[in-house]
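Asker: The sequence and its predicted three-dimensional model are supplied below.
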Amino acid sequence: MRQNRIRKMERFRARGDEPYKRKFERTHAIGEVRAAFEALEKQAGPGEEVVVDAVLAGRIVARRVQGKSTFMDLRDESGKIQVFMGEKQVGPESYACLDDLDIGDFIGVSGKVHRTRRGEITLFASQWTILTKSLRPSAEKWHGLTDVETRYRKRYLDLVANPEVMDTFKKRIFMIQTLREWLLERGFLEVETPMLHPIPGGATARPFITHHNAYDRDFYLRIAPELYLKRLVVGGFEKVFEINRNFRNEGVDTRHNPEFTMMELYEAWQDYLGLMDETEEMLHHVISRTVGGEEFVYQGMTISVKRPWRRIRLYDAIREYAGIDLELTRDRDEAARMAERIGVEIDSTMGYGKIVDAVMSEKVQPHLVQPTFLYDYPIELSPLAKRKPDNPALTERFQPFIGCLEVGNAFSELNDPLDQRARFEAQAALRAAGDDEAQYLDEDFLFALEIGMPPTAGLGIGIDRLAMLCTDSASIREVILFPQLRTL
RNA sequence: GGACGGGUAGCUCAGCAGGUAGAGCAUCGGACUUUUAAUCCGGUGGCCGCGGGUUCGAGUCCCGCCCCGUUCACCA
């Protein structure tokens, strides 16, 4: 089949017609000409014929040949239009060359746009030219491309065969743009911090390791930008954010890709409750703009982002949904017994914090369909968050959940350098005890805190998960253009 | 890493009682100037994921491996 197409390509060349053209001047994108035509039709009187002259370019996605007339569907990024070519209209010589076209080829066409008798907006061609010859067929016209592995490994085929996939990614793009504009309008400055970290910090996760040859040092792909963004706040930036990739060397599933996109912001003079208000406003704005309303459906769940959102203390949520009161104890073993009694599996390596976290994910999270903030987390789970003044076992931290997905994480940032050092040391002890996800001690970050970071609140939003919600995608791979698969 | 499901033509899929590998679409040839999943007639096309085994004979049964999906474990 490929050989056949190469022969056709060569025939164009033999006729002195380059099959891989350079620039092509269009008068309209396909979507534009459709809109222009429909607008004129609305103005036109009854029986009055509407015609638009147009030069269009696009990929042939379907072809219906009828002897001396041929219909094709032509698609560009903005839409699809039917093209009619008649032997009389384009000339017999040019018409004969249509034999050398295939589905997948790019052509340029000029002519007049009318409606056919059957009501289809159609470009009646007077001339056409090959722009790019395709040498391989992509997919079947009716079923498209459904093989998930091919869709992910060869995303270009997915985009060609399944137009709704492009819609999904355009929604993601729009969502990020809306988020960025919201932040910029409120005076946040977008910054870029390193991807290569000498010490991986800012989250509890296993890092990817790489090597710098000239320095002969190992570096880690960042697991979070947090500690660098806070250094900027130390330096005097008061409102900063970054939208960029994080890398975590963990398992891959429908909600986790090894590289994922995170928005992190830091705001001086703010605390977690104030930031909760801002987060609610921000997510409400971004989601409702992206899905086109305050309600949307995610995996069969109807979700309303109408404000105000529910706010519930983590321990209260556990009491409500798990029926146990973990706040009564700080003892690891007792917490483990309570968790096991309600069927949550606990293993001996889990500390108090992880037990609370396990109960939350298994018993609480599945109920958080409508937007909900959980807040006030135990200190063991939050080594970078400020303690609550009235209860040093808790931190000023919250997480927004929507559609049972955890979409973010925020807290009043710990800016007491001595407390931060003690927390890092506790993490180091966990690490020594075999927890390879415990956080590393970053001496320079502590130095920065000793210089002084003003009161600050920080927020991270998982962009991919937000995109999943806005596009009703069951898997994170549906919202990442090139998701990570095993190399073949 | 475990469990379950899957890998057959370019695409979407059938075939499993072990007996020469099938359909639709695409493609190639023929008819057709208003079709839109066009229609009608005829044709081409396959390391049946990879490797081993059982058998006269394996897409089909057995063993090992690879890849994908779902899920559990770990995590965001």
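Answerer: That came through fine. Numbers count the residues shown, from 1 in each chain, chains lettered A, B, ... in the order given.

Asker: what does the longest helix along chain A contact?
Answerer: Secondary structure of chain A read by DSSP state H shows that its longest helix is helix A:163-185. The contact list for helix A:163-185, computed with C-beta atoms under 8 Å, 6 or more residues apart in numbering, reads A:75, A:77, A:151, A:158-159, A:190, A:241, A:243, A:261, A:263, A:265, A:282, A:285-287, A:289-290, A:461, A:463, A:466-467, A:470-471, A:473, A:478-479, A:481. Any C-beta I mention is one placed from the backbone N, CA and C, and that applies to glycine too.

Asker: May I ask you to name the longest strand in chain A?
Answerer: For chain A, the strand with the greatest residue count under DSSP state E is strand A:52-66.

Asker: Just the CA atoms of that one, as PDB, please.
Answerer: What follows is strand A:52-66, C-alpha atoms only, in PDB (Å, rounded to 0.1, in the frame of the first residue of the first chain):
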ATOM      1  CA  VAL A  52     -18.700  32.600  -0.800                       C
ATOM      2  CA  ASP A  53     -15.500  32.500  -2.800                       C
ATOM      3  CA  ALA A  54     -12.800  30.600  -0.900                       C
ATOM      4  CA  VAL A  55      -9.400  29.100  -1.100                       C
ATOM      5  CA  LEU A  56      -9.100  26.300   1.500                       C
ATOM      6  CA  ALA A  57      -6.500  23.800   2.600                       C
ATOM      7  CA  GLY A  58      -6.800  20.600   4.500                       C
ATOM      8  CA  ARG A  59      -6.500  16.900   4.900                       C
ATOM      9  CA  ILE A  60      -8.700  14.600   2.800                       C
ATOM     10  CA  VAL A  61     -10.600  12.500   5.400                       C
ATOM     11  CA  ALA A  62     -13.200  10.900   3.100                       C
ATOM     12  CA  ARG A  63     -13.800  10.400  -0.600                       C
ATOM     13  CA  ARG A  64     -16.800   9.400  -2.600                       C
ATOM     14  CA  VAL A  65     -16.100   9.000  -6.300                       C
ATOM     15  CA  GLN A  66     -19.000   8.900  -8.800                       C
END
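
Asker: can you state the direction angle for it and helix A:163-185?
Answerer: When axes from the mean of the first three to the mean of the last three C-alpha atoms, to 10 degrees is applied, the directions of strand A:52-66 and helix A:163-185 differ by 150 degrees.

Asker: List the strands paired with strand A:52-66, with their directions.
Answerer: strand A:69-76 (antiparallel), strand A:106-115 (antiparallel) (DSSP bridges).

Asker: Direction included, what does the helix or strand following the shortest one pair up with?
Answerer: What that stands for is strand A:69-76. Using DSSP states H and E, the helix or strand that follows strand A:69-76 in sequence is strand A:79-86. Using DSSP bridges, strand A:79-86 pairs in its sheet with strand A:69-76 (antiparallel), strand A:121-132 (parallel).

Asker: Could you pull up the mean pLDDT of strand A:79-86?
Answerer: The average pLDDT within strand A:79-86 is 95.

Asker: can you tell me the helix or strand for A:Pro137?
Answerer: Per DSSP H and E, there is no helix or strand for A:Pro137.

Asker: what about it, neighbour count?
Answerer: 12 (other C-beta atoms under 10 Å).

Asker: Kindly state the pLDDT recorded for it?
Answerer: 85.

Asker: From A:Gly201, how far out is it?
Answerer: 49 Å (C-beta to C-beta, to the nearest Å).

Asker: what do you get for A:Ala39?
Answerer: 56 Å.

Asker: Who has more neighbours out of these two?
Answerer: A:Gly201 (25 against 12).

Asker: ok, which stretches of the stretch 201-350 of chain A are helices?
Answerer: A:226-235, A:272-291, A:314-322, A:332-341 (DSSP state H, counting those that start in this stretch).

Asker: related to what we said a few turns ago, from the contacts of helix A:163-185, which ones fall inside strands?
Answerer: A:Arg75, A:Glu190, A:Phe241, A:Ile243, A:Thr261, A:Met263, A:Leu265, A:Ile461.

Asker: Now list the buried members of those residues.
Answerer: A:Arg75, A:Phe241, A:Ile243, A:Thr261, A:Met263, A:Leu265, A:Ile461 (16 or more other C-beta atoms under 10 Å).

Asker: Please identify which two of those are farthest apart in space.
Answerer: Maximum pairwise distance among these (C-beta to C-beta): 39.1 Å, between A:Arg75 and A:Leu265.

Asker: so A:Met468 touches A:Val479, yeah?
Answerer: Yes. Here A:Met468 reaches A:Val479: they are 5.5 Å apart, a contact under C-beta atoms under 8 Å.

Asker: Look at those two and report which has more neighbours.
Answerer: With neighbours defined as other C-beta under 10 Å, A:Met468 and A:Val479 compare such that A:Met468 has more, 28 against 24.

Asker: what residues are up against that one?
Answerer: Going by C-beta under 8 Å, 6+ apart, A:Met468 touches A:Arg255, A:Tyr298, A:Leu405, A:Ala474, A:Ser475, A:Ile476, A:Glu478, A:Val479.

Asker: which of those has the most neighbours?
Answerer: A:Val479 leads the contacts of A:Met468 on contacts (other C-beta under 10 Å) with 24 neighbours.

Asker: Spell out which parts of the stretch 351-488 of chain A neighbour RNA strand B.
Answerer: Residues of the stretch 351-488 of chain A found near RNA strand B (C-beta under 7 Å from any atom of the strand) are A:354, A:358, A:361-362, A:406, A:409, A:437, A:462, A:464-465, A:474-477, A:483, A:485-486, A:488.

Asker: Any of these buried? List them.
Answerer: Counted by 16+ other C-beta under 10 Å, these give A:Lys354, A:Ala358, A:Glu362, A:Glu406, A:Asn409, A:Glu437, A:Gly462, A:Asp464, A:Arg465, A:Ile476, A:Arg477, A:Pro483 as buried.

Asker: now, which of those lie within helices?
Answerer: A:Lys354, A:Ala358, A:Asp464, A:Arg465.

Asker: Does the last one touch A:Asn409 like I think?
Answerer: No. Under the criterion of C-beta under 8 Å, A:Arg465 makes no contact with A:Asn409, lying 11.5 Å away.

Asker: What's the end-to-end length of stretch A:304-319?
Answerer: 25 Å (C-alpha to C-alpha, to the nearest Å).

Asker: Stretch A:321-335 too?
Answerer: Per C-alpha to C-alpha, stretch A:321-335 runs 16 Å from first to last residue.

Asker: Give me the contacts around it.
Answerer: By C-beta under 8 Å, 6+ apart, stretch A:321-335 touches A:315, A:318-319, A:338-339, A:341-342, A:344, A:350-352, A:355-356, A:359, A:363-364, A:367, A:393.

Asker: now those residues: which count as buried?
Answerer: A:315, A:318-319, A:338-339, A:344, A:350-352, A:355-356, A:359, A:363-364.

Asker: and of the ones in strands among the contacts of helix A:163-185, the nearest to RNA strand B?
Answerer: Lowest distance from RNA strand B to the ones in strands among the contacts of helix A:163-185 (C-beta to the nearest atom of the strand) belongs to A:Thr261, with 8.6 Å.
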